[in-house]
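Undergrad: what follows is a protein structure lacking sequence information:
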């Protein structure tokens with residue numbers, strides 16, 4: 001009987017919470033109803049501001065953290081991926097007039113090509129002036145200062161190159177400018193166990209990158225086409241580095257570092273220490289997070305600011321959604337002592353793989 005009573009109370013609280021949230025959302029949507037017709041609704045990550053350091057200032061500097069492999073596939077319990085969350089954080093910082101700049105803390109080996117490019121573009125858009133819209137004056141862009149952690153390689157550096165200023169620790173591992181596409185050929189194993197593939201295709205190259213063919217069956221034209229995709233994406237990486245670092249140097253003048261003339265000779269996948277990256281012009285300054293904060297105040301032309309960050313907000317709807325998740329969300333994972341990147345066959349990556 002006690003268990004039944006407890007379950008009944010939980011059920012009542014759940015129903016009450018859902019009704020309350022439904023009513024509040026209805027009022028919120030009515031408040032956002034446009035003059036013409038229809039209504040707006042809030043989508044994407046729900047963020048809440050937290051105070052990291054109170055300097056008793058009317059100004060704010062938003063701290064955004066990018067940690068781990070860059071991916072648009074891995075999602076949290078609310079279905080938001082890394083790109084969604086970071087874009088929402090930038091939007092929140094853009095809308096708050098008290099936020100004068102953003103510090104982007106990066107500790108990442110890189111990741112998916114498209115996800116890295118999406119974040120890079122979001123950072124560039126955040127720093128540019130917004131044109132007038134709906135009769136309202138445009139807002140001035142705000143600088144983004146990158147603070148590199150222990151690792152900011154490949155896609156991590158791709159994103160960093162879009163920032164106004166880059167601060168790296170002397171022992172930071174960065175660079176690894178290049179593209180990788182990964183796959184396995186398991187035909188030899190299939191032959192050993194007596195498994196023969198049966199493939200029906202409409203064209204010569206329909207089974208490109210398939211791992212069940214003999215290596216001798218892969219035509220030279222296919223290898224050339226795959227390599228051309230890699231080369232094209234690699235050129236995009238180098239263009240991003242050249243444009244990003246060039247634009248930053250134009251703004252930073254003599255205080256920042258310019259790329260050395262032969263920097264492309266070092267864009268062969270190798271990694272650099274923070275000191276080596278500084279000498280080659282891939283970063284602007286050696287230091288830690290505190291140095292990045294001081295540089296942010298100087299670039300934003302402010303004496304001081306409170307440091308804030310935006311975290312995803314969870315409410316009762318998040319708790320209830322756990323009961324509707326599939327069994328895939330509760331799979332048992334074996335910890336082998338190494339965090340191996342989950343590379344998808346056929347996808348290109350800006351990724352450092354030691």
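TA: Okay, I see it. Nothing here was measured: the structure is a model prediction, and the numbers come from that model. Numbers count the residues shown, from 1 in each chain.
Undergrad: could you count how many residues lie near residue 49?
TA: 15 (other Cβ atoms under 10 Å). (Glycine included, C-beta is placed from N, CA and C.)
Undergrad: do residue 178 as well
TA: Every residue meeting other Cβ under 10 Å relative to residue 178 is counted, giving 21.
Undergrad: same deal with residue 301?
TA: If you count neighbours by other Cβ under 10 Å, residue 301 ends up with 9.
Undergrad: do you know how far the residue nearest to residue 186 when sequence neighbours are not counted is from residue 223?
TA: Nearest residue to residue 186, sequence neighbours excluded (Cβ to Cβ, 6 or more residues apart in numbering): residue 211, at 5.1 Å. Residue 211 sits 14 Å away from residue 223, going by Cβ to Cβ, to the nearest Å.
Undergrad: what comes up buried for stretch 106-124?
TA: Residues of stretch 106-124 classed as buried: 106-113, 115-120, 122-124 (neighbour count, 16 or more other Cβ atoms under 10 Å).
Undergrad: and for stretch 53-73?
TA: Those would be 57, 59-66, 68-72, for stretch 53-73 by 16+ other Cβ under 10 Å.
Undergrad: ends of that stretch, how far apart?
TA: 33 Å (Cα to Cα, to the nearest Å).
Undergrad: so for it, mean pLDDT?
TA: For stretch 53-73, the mean pLDDT works out to 93.
Undergrad: and what of stretch 109-128?
TA: On average, the pLDDT along stretch 109-128 is 94.
Undergrad: same thing with stretch 208-218?
TA: Mean predicted lDDT for stretch 208-218 stands at 84.
Undergrad: for that stretch, which outside residues touch it?
TA: 183-187, 190, 197, 199, 207, 222, 225-226, 345-346 (Cβ atoms under 8 Å, 6 or more residues apart in numbering).
Undergrad: restricted to helices, list the buried residues of stretch 106-124.
TA: 113, 115-120, 122-124 (DSSP state H).
Undergrad: would you map the helices across the stretch 51-200 of the chain?
TA: 82-95, 113-127, 155-160, 187-193 (DSSP state H, counting those that start in this stretch).
Undergrad: now for the first one, which elements pack on it?
TA: So the one you mean is helix 82-95. Of the remaining helices and strands, those touching helix 82-95 by 3 or more Cβ pairs under 8 Å, 6 or more residues apart in numbering; DSSP states H and E are strand 47-53, strand 60-67, strand 99-108, helix 113-127, strand 306-312.
Undergrad: who wins for proximity to residue 143 among those?
TA: Closest of the helices and strands packed on helix 82-95 to residue 143 is strand 99-108, at 4.9 Å (criterion: Cβ to Cβ).
Undergrad: report the inter-axis angle for the closest one versus helix 113-127.
TA: Here strand 99-108 runs at an angle of 160 degrees relative to helix 113-127 (axes from the mean of the first three to the mean of the last three Cα atoms, to 10 degrees).
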